[in-house]
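Undergrad: Pasted the sequence and its predicted model underneath.
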Amino acid sequence: MEPPGARPRSPASEAAEPPGSPALPAEEHPPAAQEAKRRGPGPQGPAECGARAGAGDGREPGGRARRPRVTVDSSKAKTSLEALKISLRQLRWKEFPCGRRLPCDIYWHGVSFHDNDIFSGQVNKFPGMTEMVRKITLSRAVRTMQYLFPLEYNFYPRSWILPDESSFFEKEIRVMKDRDPSWKPTFIVKPDGGCQGDGIYLIKDPSDIRLTGGLQSRPAVVQEYICKPLLVDKLKFDIRLYVLLKSLEPLEIYIAKDGLSRFCTEPYQEPTLKNLHQVFMHLTNYSLNIHSGNFIHSDNANTGSKRTFSSILCRLSSKGVDVKKVWSDIISLVIKTIIALTPELKVYYQSDIPSGKPGPTCFQILGFDILLMKNLKPMLLEVNANPSMRIEHEKELSPGVFENVPSPVDEEVKVAVIRDTLRLVDPHKQKKKDVHSQTLEHVSDAKEELLDAGPPERLDHDVSTAPEAGLPSLCLKQVFPKYAKQFNYLRLVDRVAALFIRFLGVKGTTKLGPTGFRTFIRNCKLSNSNFSMASVDILYIDITRRWNSVGIDHKESGMCWQAFVEAFFFLAQKKYKSLPLPEQVASLIDFCEYHLAVLDEKRLVCGRGIVERRNALVTCQTDGLQLTPAAHTPLLNRMATASKLADYRNHQY
Ligand code: ADP
């Protein structure tokens with residue numbers, strides 16, 4: 001649904017950054033010194049490029065040694081460059097705008113992980129995240145969780161995937177309408193991989209889906225349209241919240257205390273056949289509404305078509321709304337969504353950066369688009385892997401002549417998010433934190449009950465989030481592991497992913513071959529007289545073929561992650577008939593983990609035998625008493641295995 005007069009431009013939108021947005025050449029930006037003057041004090045001179053960029057940090061002009069500054073490669077920052085530069089200046093970190101011959105501590109990428117081969121340091125993208133948050137993949141991941149935990153995952157509108165589920169969609173709607181003839185639903189069709197409202201339209205009936213343009217070539221998600229959104233000034237708006245996935249393993253999530261609210265530019269009316277096509281009434285995308293004559297550029301946080309979320313909360317609070325409840329519902333939505341995404345993300349991660357191989361650590365800022373319903377319930381619309389971090393917008397000076405002008409609302413929110421993300425991943429503090437946690441580990445032996453009291457929040461305050469001189473307190477608030485106790489029971493599918501990854505084997509693979517699947521069945525002792533290996537092969541072929549015919553990724557053959565989940569759920573239902581689904585799945589996971597732990601234990605015993613024989617040999621040859629590292633590792637692993645066995649035995653099997 002294109003707005004009248006829309007033409008391809010890239011305003012300072014907070015939509016997903018379209019892939020391939022041009023990098024801003026360094027010389028197009030105001031010189032750093034001039035910038036610094038505009039934005040406040042900072043010691044950094046003009047950013048240097050070229051071979052000299054490899055040297056120069058580490059010594060002050062007088063030759064005195066100083067604490068090395070954190071180095072950041074910003075050469076691929078693209079449209080987030082402006083906000084990144086301001087953040088780096090505030091932090092007094094060292095920017096390498098043209099890259100560096102030596103490795104940097106942090107690589108800031110505008111688009112995706114695959115921009116470059118990086119073997120150390122940290123990069124602000126996870127492999128696979130862009131694929132993971134595409135409309136279809138996200139819908140599938142949430143649907144898996146809705147299948148297991150329908151009540152907990154009711155914050156995502158009912159969705160169908162087109163064209164695969166077209167007939168299912170039609171049938172389901174027909175049945176529901178027959179059951180309740182007064183039900184007059186509206187649906188929103190969104191092309192997969194689209195952004196900025198591109199190609200989106202509303203329909204009243206499944207038969208209205210536009211087949212022109214070929215759904216086959218551009219699959220889509222069709223979703224129940226939320227007809228009763230909360231209105232402010234009679235306008236529909238949505239919320240863009242910034243979420244930092246700081247680490248996948250262990251899971252660490254932070255939410256920015258403030259976000260942006262993007263407003264429609266025409267008063268809202270519930271959808272009717274007459275107003276379905278009115279984008280300025282139904283779609284909150286900034287990139288669309290900026291073309292409306294009613295769009296108001298905000299010069300402060302409380303007015304205009306883009307405001308801070310905190311200004312909306314203030315307004316709601318003044319009307320007596322329990323904004324604490326709104327926030328806690330939003331936090332819960334964010335944690336649950338990330339829990340839905342992590343299993344497949346781990347599959348991607350391991351295929352790009354297998355454990356034990358050199359590679360960077362990853363973190364990522366995600367943009368969550370959330371709609372508040374009239375009853376204040378937050379609903380997830382989508383997740384953006386590359387939320388726009390632009391801090392300026394285009395202004396039409398005279399017809400057809402545009403200029404980029406600063407957008408104070410964008411700058412207020414986005415610079416804080418980037419700067420504080422950097423503070424949280426600061427490698428120097430990370431080192432301190434590691435030493436600190438090692439010390440804590442020793443203490444923990446004696447004072448276990450201290451750790452039982454909750455996640456190590458104090459550690460966070462002491463080491464990570466202590467306010468640096470002159471910087472405001474962190475705008476990012478930790479929500480996981482802080483609230484882990486309330487949400488850990490939802491992390492079942494993560495354990496299924498661990499099983500899948502164990503049998504994947506080869507680097508670069510995200511699909512399980514028939515031998516891997518057979519080994520999984522054999523090692524987990526899932527085959528028996530009722531379920532022969534021949535049936536296992538049929539199950540593999542059946543599910544794999546079906547998923548490969550609907551999937552987007554046809555490059556690799558084999559069983560994809562979603563197909564494995566389906567097979568796993570099938571096996572769980574077959575084995576534990578009388579239990580509810582989540583318990584069936586949990587029981588099968590326990591069963592598999594137990595048998596794998598037994599197997600590992602056996603292998604360790606055999607391995608130890610070999611090591612002992614080898615040690616005896618080494619001792620004889622060198623007449624020394626050296627312990628090889630190989631003799632240590634199994635001991636550590638054995639403890640993990642033993643505790644897993646104990647865990648299992650505590651369950652009643
Ligand atoms: P895009 O990535 O193209 O921006 P979104 O999923 O964010 O796609 O949808 C665009 C806009 O459409 C949203 O900002 C929101 O205003 C509206 N929208 C999307 N899904 C729904 C829904 N299920 N109910 C009501 N409005 C929706």
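TA: On my side now, so go ahead.

Undergrad: quick one: strands adjacent to the lengthiest strand in the chain?
TA: Under DSSP state E, the strand in the chain containing the largest number of residues is strand 235-247. In the sheet, strand 235-247 lines up against strand 231-232 (antiparallel), strand 252-256 (antiparallel), strand 260-263 (antiparallel), strand 364-372 (antiparallel) (DSSP bridges).

Undergrad: among those, which is nearest the ligand?
TA: Smallest distance to the ligand across the strands paired with strand 235-247 (Cβ to the nearest ligand atom): 4.7 Å, for strand 364-372. Quick note: C-beta positions are derived from backbone N, CA and C, even for glycine.

Undergrad: Quick one: check the helix or strand that comes right after the closest one for contact with the ligand.
TA: Downstream of strand 364-372, the next assigned helix or strand under DSSP states H and E is strand 378-384. Yes: interface with the ligand: strand 378-384 contributes 381-382 (Cβ under 6 Å from any ligand atom).

Undergrad: ok, is stretch 352-370 in contact with the ligand or not?
TA: Yes: using Cβ under 6 Å from any ligand atom, stretch 352-370 reaches the ligand at residue 369.

Undergrad: quick revisit: wait, which of the strands paired with strand 235-247 is closest to residue 496?
TA: Of all the strands paired with strand 235-247, strand 252-256 sits nearest to residue 496, with 20.5 Å by Cβ to Cβ.

Undergrad: Leaving aside the residues adjacent along the chain, what's closest to residue 312?
TA: Nearest residue to residue 312, sequence neighbours excluded (Cβ to Cβ, 6 or more residues apart in numbering): residue 261, at 5.0 Å.

Undergrad: so how many other residues sit close to that neighbour?
TA: 25 (other Cβ atoms under 10 Å).

Undergrad: cool, residue 388 as well?
TA: For residue 388, the neighbour count with other Cβ under 10 Å is 28.

Undergrad: what does residue 171 give?
TA: Close neighbours of residue 171, defined as other Cβ under 10 Å, add up to 12.

Undergrad: Does residue 547 touch residue 560 like I think?
TA: Yes: using Cβ atoms under 8 Å, residue 547 is in contact with residue 560, at 5.4 Å.

Undergrad: out of the two, which sits in the busier spot?
TA: Relative neighbour count places residue 560 above the other of residue 547 and residue 560, with 24 against 20, counting by other Cβ under 10 Å.

Undergrad: for that one, phi and psi?
TA: Per-residue torsions, residue 560: phi -80, psi 170 (degrees, to the nearest 10).

Undergrad: From the ligand, how far out is it?
TA: 24 Å (Cβ to the nearest ligand atom, to the nearest Å).

Undergrad: Also residue 325?
TA: Using Cβ to the nearest ligand atom, we find residue 325 at a distance of 22 Å from the ligand.

Undergrad: Which residue is the nearest non-sequential neighbour of that residue?
TA: Nearest residue to residue 325, sequence neighbours excluded (Cβ to Cβ, 6+ apart): residue 376, at 7.5 Å.

Undergrad: Tell me, how many residues neighbour that neighbour?
TA: Other residues close to residue 376 by other Cβ under 10 Å number 14.

Undergrad: Quick check, it in contact with residue 230.
TA: Yes: applying Cβ under 8 Å, one finds residue 376 in contact with residue 230, separated by 6.5 Å.

Undergrad: interface residues of the chain facing the ligand?
TA: Neighbours of the ligand within the chain, by Cβ under 6 Å from any ligand atom: 15-16, 157, 188, 190, 194-198, 200, 223, 225-226, 238, 283-285, 369, 371, 381-382.

Undergrad: go again using 5 Å as the cut-off
TA: 157, 188, 194-195, 197, 223, 225-226, 238, 283-284, 369, 381-382 (Cβ under 5 Å from any ligand atom).

Undergrad: Inside strands: which ones of those?
TA: 188, 223, 238, 369, 381-382.

Undergrad: can you tell me which two in the residues you listed are farthest apart?
TA: Pairwise distances across those (Cβ to Cβ) peak at 14.0 Å, for the pair 223 and 238.

Undergrad: Between these two, which is the more surrounded one?
TA: When residue 223 and residue 238 are compared on other Cβ under 10 Å, the one with more neighbours turns out to be residue 238, at 24 against 20.

Undergrad: Now do the contacts for the nearest residue to that one once chain neighbours are set aside.
TA: With sequence-adjacent residues excluded and distances taken as Cβ to Cβ, 6+ apart, residue 238 is closest to residue 284, at 4.3 Å. Listed by Cβ atoms under 8 Å, 6 or more residues apart in numbering, the contact set of residue 284 reads 236-238, 262-264, 371.
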